[in-house]
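*Asks:* The following comprises the amino acid sequence and a computationally predicted model.
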Amino acid sequence: MRRQVVSDHAVIRYLERAKGIEMDVIRTQIAMICQTGLETGACGVIADGLEFRIEGGVVVTVQIPSHPDHRTGRVRRRRETDR
């Protein structure tokens with residue numbers, strides 16, 4: 001069976017329109033979680049068991065902290081301050 005290709009945009013619109021998920025509410029929640037990191041110029045925030053990556057003052061992704069980097073397949077070494 002051939003896997004269907006669906007864009008991220010289509011998934012987001014489906015979640016909004018068919019499932020009633022309000023993206024602006026989620027966006028606000030993420031911003032609140034990352035507020036201190038965004039204000040201090042951090043490159044990431046670890047909270048609620050997730051890692052929020054920040055680039056140029058924008059939260060660009062959310063991942064599990066020990067999740068392998070999708071580009072290299074390597075797991076990020078945890079520093080003592082991350083625990």
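*Replies:* Received, thanks.

*Asks:* Residues in a beta bridge with the residue sitting nearest the centre point of the chain, which ones?
*Replies:* Geometric centre of the chain, nearest residue: V62, 1.7 Å, by C-alpha atoms, centre = their mean. Residues in a beta bridge with V62, per DSSP bridges, are F52.

*Asks:* my read: it touches D48, true?
*Replies:* No. Taking contacts as C-beta atoms under 8 Å, V62 lies outside contact range of D48: 9.7 Å. All C-beta spots, glycine's among them, are computed from the backbone N, C-alpha and C.

*Asks:* follow-up on the earlier one: residues in contact with the residue nearest to the centre of the chain?
*Replies:* I30, L50, E51, F52, R53 (C-beta atoms under 8 Å, 6 or more residues apart in numbering).

*Asks:* out of the residues you listed, which are buried?
*Replies:* With burial judged by 16 or more other C-beta atoms under 10 Å, the buried subset of these is I30, E51, F52, R53.

*Asks:* could you measure the second one against G57, distance?
*Replies:* Separation of E51 from G57 (C-beta to C-beta, to the nearest Å): 17 Å.

*Asks:* Break down this protein into its strands, ranges please.
*Replies:* Using DSSP state E, the strands of the chain run over 44-47, 50-55, 58-63.

*Asks:* Tell me the predicted confidence for S66.
*Replies:* The score at S66 is 73. That number is its pLDDT.
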